[in-house]
Structures are given as structure tokens and as C-alpha cells.
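In: Output the structure for:
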Amino acid sequence: SGDGSDGGENGMEWCECDGEGEDRMIGNGNYYCNGQHQNGGHDVDGVNGESNKNGGDRKVSKDSEDNGDDDDDDYRVKPCDAEPVNEQYSQFIVQLLDYIVDKPNQKIYIVMEYCAKGPLETPMDEHEMFDEEQAHKYFVQIICGLEYLHKRFHIVHRDLQMANICRTEDDDIKICDFGVSDWFLRCRGDKCDASNNFGRTLKLFTGNAAYASPEMLLQKEYGPEVDVWSAVICLYKMLVGYLPFGGRGHALIGKFLVPLDDEDLCHLSCEVKDLITKMLDPDMKQRYWSIEQVKSHPWFSKYQYDFV
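Out: Model prediction:
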């Protein structure tokens, strides 16, 4: 699961061992099939699904926050052409390959692509640090993946964290674990208007509190900016080896656990420190909260890649 804990049999994943012809379990999740998910001590009602630590994620029912009268057809994932987005960015989202419905046992088995290198963070390497160039590559891929989610499908992840970002054999990232994701904007036909969002409001606190934005912590209305906040938490964690805030109160006032001017962080460039500071401003009026703002920062384009 995204929080690194093992769950019950409902979340098991299996693979065929090389040349053995036998199966072995490679991971399991902690989502329950009774419509409730426990994550970091918080219950999130209305989620039916299971989670995969090695590159899988799933969501199979609507979120309890919906206060509209949509029929089931409105809950199908439909691409939106209202905003242009690079289709290449879809490579940074884990792919659904197949699914099997086991009605007698009330289970859904979901086959996801395998991410050979596992998540960016595991309990065994909790304080691992990446060099700035490597962290830059992962961060840029995370932002590109989020841009695809936000613009193409109007989906907000809501649980983006190091354990929910996996790496392929080619060392590219895949955003996974969509168990508590939701639409922040619902489109019907050719209507796609944020000012008339068909009764959609997102206020529920969910996911990991250490990666949650001030808006989510205070249970204010929020949108895709919560994913952008979580992305820079990941960037800080990759570069420093620790999460930026020691608790909820520190996040609300922007007090870093390890200040960016600490002498142990003198190896980090001024550009990346500037971006982190702007993205982790608790005041949203001053913060770099949009993907466009992040991509316009000089550090974002410091290294060049074919996919951007």
C-alpha cells in the first residue's frame, strides 16, 4: 500500500517465478472491500479497492464526497480535450493491463504493469538521499504525470507520496495507488466549466498528513494544487532525506524541520532551494501552486529531457 504497511488477503498480488512455473506473492495492500480505507489513522469512507506497493493502484467505486445526482455513466473515466496536454506524459502513470471480477468471493483482481525497481521509498531506505540531477529527473516526471492527470482527466490524486511513486527497469517513474483519488472537475458532454462544477466540492482530508497541503489539513475546499504541494514534499525528501515538516503545525506556518540554509545542505543549488521555498509557502496567494508556475521556474528546465 501507499503507506508501506501490509494488508489482508484482498490486496494480494502474485507473479510467476522465472522458469519455475510457480506463483509467489510480491506484495499486498491495505484497502478493504467494505467501502472503508484506513490510512495513517484516518478512515476514508466510500472507497472500494486495493493497493499495490510494486506499481499497482486501483479505484472501483465512487467517492463519498460527491454531492451531485450523477448516474453511473458519469463515473467512467473520460478524457477531456478542453486543455492541451502532451500525450507522452501518460507514460508516467501506471497502466491497467487487465482485471478479473470474482463475483462469488466479491473480489476484483487488477493486473497492473510491473515496476521492477519498486517505490522511491521503502522502510529499508527511509532516509535515502538522491543527488540533485537524479531528483530533478524524478521531479520533472512527477510534474508531467500530474499535468496529464489534471488536464486530460481532471483527476486529483490526493495521496501522492514517495511510497506511491514507483520506478521502472529504465529508471523512469510511475505514479500509482489511486485508491483515494477523485475528480476535481466533472465534464458532461461538451460542458467543462469549473464555475459550474455540477455540485462537486472536495474538502475531505485523506492520504498522508506529512504530504498534505495546508488547505487539506484545514479541510478547506481544494483542487489539483494539493498534488503539486505533495510533489514538492517528495522533492525535498529526495534531496534532504527527511520530510520538511515535523508536524501539522509546522506545515501551516512553513517551519522546515531541516532549514534549507542549513550548512549540511550547502551542496544544493540556490535555484532548487528557491523553488522549494516558493512551492512550500503556506500562504496560497504567495505560493507556486500551479503546474504552470512550477514549469516556469528556472530550475525546472536546468536539465533537458526528450519527454518534456
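In: Can I get stretch 136-146 as CSV, trimmed to CA atoms?
Out: The C-alpha trace of stretch 136-146 is given here as CSV (Å, rounded to 0.1, in the frame of the first residue of the first chain):
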residue,chain,number,x,y,z
HIS,A,136,15.4,16.7,-10.9
LYS,A,137,14.6,13.9,-13.3
TYR,A,138,12.1,12.2,-11.0
PHE,A,139,10.5,15.5,-10.0
VAL,A,140,10.1,16.6,-13.6
GLN,A,141,8.5,13.3,-14.5
ILE,A,142,6.1,13.6,-11.4
ILE,A,143,5.0,17.0,-12.6
CYS,A,144,4.5,15.8,-16.1
GLY,A,145,2.4,12.9,-14.9
LEU,A,146,0.3,15.2,-12.7
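In: pLDDT on that stretch, on average?
Out: For stretch 136-146, mean pLDDT is 97.
In: repeat for stretch 207-222
Out: The average of the pLDDT scores along stretch 207-222 is 94.
In: Could you list the buried residues of it?
Out: For stretch 207-222, a neighbour-count test (16 or more other CB atoms under 10 Å) marks 207-217, 222 as buried. Every C-beta, even on glycine, is put in place using the N, C-alpha and C of the backbone.
In: So what touches it?
Out: 2-3, 39-40, 42, 158-161, 180, 201-206, 225-226, 229-230, 233-234, 243, 245, 248, 251-252, 282, 284 (CB atoms under 8 Å, 6 or more residues apart in numbering).
In: Return a PyMOL selection command for the buried portion of those.
Out: One line in PyMOL is enough to select the buried members of those, burial here meaning 16+ other CB under 10 Å:
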select buried, resi 2+3+39+40+158+159+160+161+180+202+204+205+206+225+226+229+230+233+234+243+245+251+282
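In: Let me know the next secondary structure element after the helix-or-strand element of the chain with minimal mean pLDDT.
Out: Least confident helix or strand of the chain, by mean pLDDT, DSSP states H and E, is strand 42-45 with a mean of 29. The first helix or strand that comes after strand 42-45 along the chain, using DSSP states H and E, is strand 96-102.
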